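>>> take this sequence and fold it.
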Amino acid sequence: MSIEKEVLIKADHVKVYFKGKNKRSGVVKAVDDLSFEIMKGETFGVVGESGCGKSTIGRTLVRLQKPTEGNIYLKGQDIANLKGAELKEMRKSAQIIFQDPSACLNPRRTIKQILREPFEIHKMTKDLDVDARIEELVKLVGLDTYHLSRYPHELSGGQKQRVGIARALALEPDIIVCDEAVSALDVSVQAQVLNLLEELKQKLGLTYFFISHNLNVVYQVSDRVAVMYLGKMVEIASYEQLYAKRYHPYTEALLSAIPQVDQGEQKERIRLEGEVPSPSNPPSGCRFHTRCPKACDRCKQEVPELKEVDPGHYVACLLY
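Have a look, this model is predicted:
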């Protein structure tokens, strides 16, 4: 008997458009009509080329960015149009870890002051032993209490990212958006931080929306993977399903770019022709048809929808 998983976040036809700097720029369709679900306790990985809309949808899920259209349901509540006190209260449940740990920590504040800030913003300092909670947080992410008196510039990159993780955990959120959370770190430190995130997920029952351009990192940590291209999700599947069978030509090209360690299993690299189109003037029909080796005339006219080709495996391609 299978246990039905609880849906934590549901995105329903979400669009995020930005106005260009001038009339010629037009409207940038950073995220264009995305619908997906994130289950409680899973790591939902998102991968794609720079500029495909990964970070934009991540920031929209925690309402740092307001969607132009569509609905986002967090634990059943539509958060797309929340304002004021309601939006502030929602942010306790959804936090974000940024890419650059040096840029997201206030250089004029000590680590203790930085970690105290979430409790001050939400006026929790009277009802909670904040100092004890802060000490618990730094130990949870593998730092010592003496780090609390330090300033960000006195810490290494890995230590600063651990502070960023501790800050995201402060209000006990349900979901954390990891926006390229390890890309600015050395490879050895990346592995330590990824292991820490996995330990915290198991210990605290967290859910991650994990954004990265590094395919190896995404597959290492994700339960399910979504592949994005030019504001659209073109394939969603578990890691095992993608490893066994890739349906979308863009996913095939991405996976062929992963370096192979075993010289005996070298696969042919699929090289895509042409440049990535502008999100302010995307191609008609399937957005990938201008670079797709399998494109036909139909691809220029029809917009493919995500369809289930195998149980739990979705693809947006007219070939299927």
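
>>> hmm, who's touching stretch 270-285?
Contacts of stretch 270-285 with the rest of the structure, by C-beta atoms under 8 Å, 6 or more residues apart in numbering, involve 20, 25-30, 32, 49, 51, 53, 230-231, 250, 252-253, 256-257, 287, 289-291, 293, 298-303. Where you see a C-beta, it was placed from the backbone N, CA and C, and this is true even at glycine.

>>> buried ones from the residues you listed, can you make that a ChimeraX selection?
Those of the contacts of stretch 270-285 that meet the burial criterion (16 or more other C-beta atoms under 10 Å) are gathered into one ChimeraX selection, given here:
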select :28,29,30,32,53,230,231,250,253,287,289,290,291,299
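
>>> next, the residue nearest to the spatial centre of the chain: secondary structure please.
Ranked by distance to the mean C-alpha position of the chain (C-alpha atoms, centre = their mean), the top residue is residue 211 at 3.2 Å. For residue 211, the reduced secondary structure class is strand; criterion used: DSSP: H, G, I helix; E, B strand; the rest coil.

>>> ok, it touching residue 52?
No - contact criterion C-beta atoms under 8 Å: residue 211 and residue 52 do not qualify, at 10.3 Å.

>>> ok, now how distant is residue 82 from residue 13?
Using C-beta to C-beta, to the nearest Å, residue 82 is found at 18 Å from residue 13.

>>> work out for me the element the closest residue in space to residue 290 that isn't next to it in sequence sits within.
Excluding its sequence neighbours, the residue lying closest to residue 290 (C-beta to C-beta, 6 or more residues apart in numbering) is residue 283, at 5.2 Å. Secondary structure from DSSP states H and E places residue 283 outside every helix and strand.

>>> and residue 283, how many neighbours?
For residue 283, the number of neighbouring residues by other C-beta atoms under 10 Å comes to 15.

>>> contacting residues for residue 201?
Applying C-beta under 8 Å, 6+ apart, one finds that residue 201 lies in contact with 41, 43, 207, 208.

>>> okay, residue 82 and residue 13: which has more neighbours?
Residue environment comparison for residue 82 versus residue 13 gives the larger neighbour count to residue 82, 18 against 12, counting by other C-beta under 10 Å.

>>> for the more buried one, which non-adjacent residue is spatially closest?
Ranked by C-beta to C-beta, 6+ apart and with sequence neighbours excluded, the top spatial neighbour of residue 82 is residue 90, at 5.7 Å.

>>> distance of that neighbour from residue 40?
Counting by C-beta to C-beta, the gap between residue 90 and residue 40 amounts to 16 Å.

>>> also residue 254?
As defined by C-beta to C-beta, residue 254 lies at a distance of 28 Å from residue 40.

>>> the more surrounded of these two?
For residue 254 versus residue 40, neighbours defined as other C-beta under 10 Å are more numerous around residue 254 (22 against 15).

>>> quick one: which helix or strand includes that one?
Using DSSP H and E, residue 254 maps to helix 249-256.

>>> with residue 34 instead?
Counting by DSSP H and E, the element that carries residue 34 is strand 27-39.

>>> ok, residue 243 next?
When the helices and strands are read off by DSSP H and E, the one containing residue 243 is helix 239-244.

>>> what's that helix packed up against?
Here helix 239-244 is seen to pack against helix 215-221, strand 224-229 when contacts are counted using 3 or more C-beta pairs under 8 Å, 6 or more residues apart in numbering; DSSP states H and E.

>>> and of the ones you listed, who's closest to residue 78?
Shortest distance between residue 78 and those, using C-beta to C-beta, is found for strand 224-229: 21.5 Å.

>>> tell me the strands beside that closest one, with direction?
Strand 224-229 has these partner strands in its sheet, going by DSSP bridges: strand 43-47 (parallel), strand 232-238 (antiparallel).
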